[in-house]
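Chemist: need a structure here:
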Amino acid sequence: MAQHEAAHVVVGCVMGLRFRKATVSREWDPIERDFIGGATYFDGRYGTHLAWEIMGAAGIAWSKIAGCPWQWHRYDLKELKRSVRTERGRRAVIRTAAVLLQGLSREHTKVTRALMERDITGKDLAAIARGEAIDD
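Modeler: Got it, this is the predicted structure:
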């Protein structure tokens, strides 16, 4: 789940959304080898409709790339279906998010590592981007 939420974070930021916070449950699933759940928050006053769609699709793209069960991205898919009416359109948005994620692999790894340790805020993300340790 940390990787899934990190996908939302890095793609959302590249799309110009203003990141606020990302959280990951501290409950560990030994079978999936990841945390149970999480959420990512951006400031809703900023960004285009397309930017929001691609950011939301990043969770779906990551889950598909990683071979995660569909349940991990069911909420993201439900939201995407509400904003992108056609299957063809949804596939295009998910594909766009996947391409962005491939180019952001280093950033995705850094954000994932931080989320494995704790929830992160915009201030934390700025420190990560500068290569600094995040403060407790």
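Chemist: now for the chain, the helix or strand with the poorest mean pLDDT.
Modeler: Ranked by mean pLDDT, DSSP states H and E, the helix or strand of the chain with the weakest confidence is strand 34-35, at a mean of 55.
Chemist: name the next helix or strand downstream of it, please.
Modeler: Using DSSP states H and E, the helix or strand that directly follows strand 34-35 along the chain is strand 38-42.
Chemist: give me the buried positions along that following strand.
Modeler: Counting neighbours by 16 or more other Cβ atoms under 10 Å, one finds that the buried residues in strand 38-42 are 38, 40-42. Placement of C-beta: from N, CA and C, glycine included.
Chemist: identify all contacting residues around the helix or strand just after it.
Modeler: Stepping forward along the backbone from strand 38-42, the first helix or strand reached (DSSP H and E) is helix 49-66. Around helix 49-66, the neighbours that count as contacts under Cβ atoms under 8 Å, 6 or more residues apart in numbering are 3-8, 10-12, 15-17, 42, 47, 68-70, 72-73, 76-77, 79-80, 83-84, 90, 93-98, 100-101.
Chemist: and the helices in the chain?
Modeler: Taking DSSP state H as the criterion, the chain contains helices spanning 2-14, 49-66, 74-83, 87-103, 105-117, 122-129.
Chemist: format the ones you listed as JSON lines; extra columns: mean pLDDT and distance to residue 21.
Modeler: JSON lines is the format used below for the helices of the chain (pLDDT from 0 to 100; distance: least, Cβ to Cβ, whole Å):
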{"stretch": "helix 2-14", "mean pLDDT": "94", "distance to residue 21": "10"}
{"stretch": "helix 49-66", "mean pLDDT": "93", "distance to residue 21": "14"}
{"stretch": "helix 74-83", "mean pLDDT": "90", "distance to residue 21": "17"}
{"stretch": "helix 87-103", "mean pLDDT": "96", "distance to residue 21": "20"}
{"stretch": "helix 105-117", "mean pLDDT": "93", "distance to residue 21": "11"}
{"stretch": "helix 122-129", "mean pLDDT": "92", "distance to residue 21": "7"}
